[in-house]
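In: Quick check, what structure comes out for this input:
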Amino acid sequence: MFHTQYKCSHIVILNKTFVKIKAQWDAILLILLSVILLRKGRKQKTIRTAAEEGNTNINDMDSITYDRFNATENEINHTTPKYFPEPGRQNRKMYIIYGVLVLYMLILTVAVGIKISQVSKEVADVTLSLQTFETSIKEASKPLQFEKLPEPVVQGPCEVNWVFFKDSCYFHSTAGQNWQNAENMCVRKKSHLVVVNNLDELDFLSSIVKLPTSYWIGLVEKDEGQWSWVDGTDYKASEHFWDEGQPDDWNVRVNGEDCGQLHGRIRADKRRFWNDADCTLSYPYICEGKPKGQ
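Out: Reported below is the predicted structural model:
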């Protein structure tokens, strides 16, 4: 019902606009017709006047010729002067009238053109509005689709705020610490900075961290080029998941880059790889420990 009323109201507006335009054009045609009739009437009047004056002149000439033989010389010399119409003055008046009419027609033509462009714009706007309205109705008629929420992280046999995955418990902080303080915080929780053993564990860690930043892990370079895990796991025998171009041991840093972290750069597959960073910088961290009772 609303859609029909909306459409009808715009059609009424368009009809009124077109009626105004038609009335203007009718006025133009009426003016042109009046000018033509006026010009025709003037021509006929001019012809009749000229004919009458011609007859009068002939009669006057006969009278003057006749009187010349009876009148004195002074009477002949003081004969009343005759009036001859000036066609140039009448032509100038007609040109002025035509010029005014042409100017008026030009103004009306421009006004009609503007009206037509406005009507075209209104038609386009009405069409777009109707299309948008119909699209919104179609969208509203579709059944609601609820986004699937992520599965809750299972706490399992872990402490509060810890999550369980493959026989280990994991805790990720929200506050930042330097690498050594982060390891000390994990030790206080009877754990250590996380040791990433395989790709499944890397994907799990990438899914639980929420901050768009890097996280300290239990990887440290004690000697140049000699990386090791804090729990004693053999680094060379385990899989490595360094990000592209890492480790780069950026020499611009005064303290070098000797500590590993889960990189803040997230790839298209939502996976975070490793990065080396200055150990004195403050970052959140991930702890790894055993379940309760072990």
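
In: Beyond the worst-scoring helix or strand of the chain on mean pLDDT, next helix or strand please.
Out: Least confident helix or strand, the chain: helix 73-77 with a mean of 48, by mean pLDDT, DSSP states H and E. Later in the chain than helix 73-77, the nearest helix or strand by DSSP states H and E is helix 87-141.

In: Residues contacting the helix or strand just after that next one, please?
Out: Note on helix 87-141: by DSSP H and E, the next helix or strand toward the C-terminus is strand 163-165. Under the contact criterion Cβ atoms under 8 Å, 6 or more residues apart in numbering, strand 163-165 has outside partners 153-158, 169-171, 201, 204, 208, 291. Using the backbone N, CA and C atoms, a C-beta is placed for each residue, glycine as well.

In: Buried ones only from these, please, as a PyMOL command.
Out: Applied in PyMOL, the following selects the buried portion of the contacts of strand 163-165 according to 16 or more other Cβ atoms under 10 Å:
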select buried, resi 158+169+170+171+201+204
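
In: Nearest to residue 113 among the contacts of strand 163-165?
Out: Nearest to residue 113 among these, counting by Cβ to Cβ, is residue 208 at 67.6 Å.

In: Quick check, that closest one in contact with residue 173.
Out: No - taking contacts as Cβ atoms under 8 Å, residue 208 lies outside contact range of residue 173: 11.9 Å.

In: Let me see the domain layout of this protein.
Out: 2-141, 163-289 (automatic domain parsing).

In: now the shortest one: mean pLDDT?
Out: Computed over domain 163-289, the mean pLDDT rounds to 91.

In: Outside of stretch 238-249 itself, list whatever touches it.
Out: Residues contacting stretch 238-249 (Cβ under 8 Å, 6+ apart): 196-199, 202, 221, 224, 227, 229, 256-258, 260, 263, 265, 273-276.

In: Show me those residues that map onto strands.
Out: Counted as lying in strands by DSSP state E, out of these, are 221, 227, 229, 260, 274, 275, 276.

In: For the second one, give the beta-bridge partners.
Out: With DSSP bridges as the criterion, the beta-bridge partners of residue 227 are residue 221.

In: That one reaches residue 221, doesn't it?
Out: Yes - in this structure, residue 227 is within contact of residue 221 by Cβ under 8 Å, at 5.1 Å.

In: Need the residues touching each of those two.
Out: 247, 260.

In: quick one, what contacts residue 31?
Out: Taking Cβ under 8 Å, 6+ apart as the test, what residue 31 contacts is 101, 104, 105.

In: Look at it and tell me its secondary structure.
Out: Assigned state for residue 31: helix (three-state reduction, DSSP: H, G, I helix; E, B strand; the rest coil).

In: Enumerate the positions of stretch 216-231 that are buried.
Out: 216, 217, 218, 219, 220, 221, 227, 228, 229, 230.

In: Setting aside sequence neighbours, what's the nearest residue to the fifth one?
Out: Once its chain neighbours are removed from consideration, residue 220 has its nearest residue in residue 259; the separation is 5.4 Å (Cβ to Cβ, 6 or more residues apart in numbering).

In: Ok, the last one next?
Out: In this structure, residue 230 finds its nearest non-sequential neighbour in residue 218, 3.7 Å apart by Cβ to Cβ, 6+ apart.

In: Wait, the one you found touches residue 274, no?
Out: No - the pair residue 218 / residue 274 is not scored as a contact, 11.4 Å apart, by Cβ under 8 Å.

In: any common contacting residues for those two?
Out: With Cβ under 8 Å, 6+ apart, residue 218 and residue 274 have common neighbours residue 260.

In: Please, which helix or strand holds the closest residue to residue 271 other than its chain neighbours?
Out: Using Cβ to Cβ, 6+ apart and skipping residues adjacent in sequence, the residue nearest residue 271 is residue 206, 5.2 Å away. Secondary structure from DSSP H and E places residue 206 in helix 199-208.
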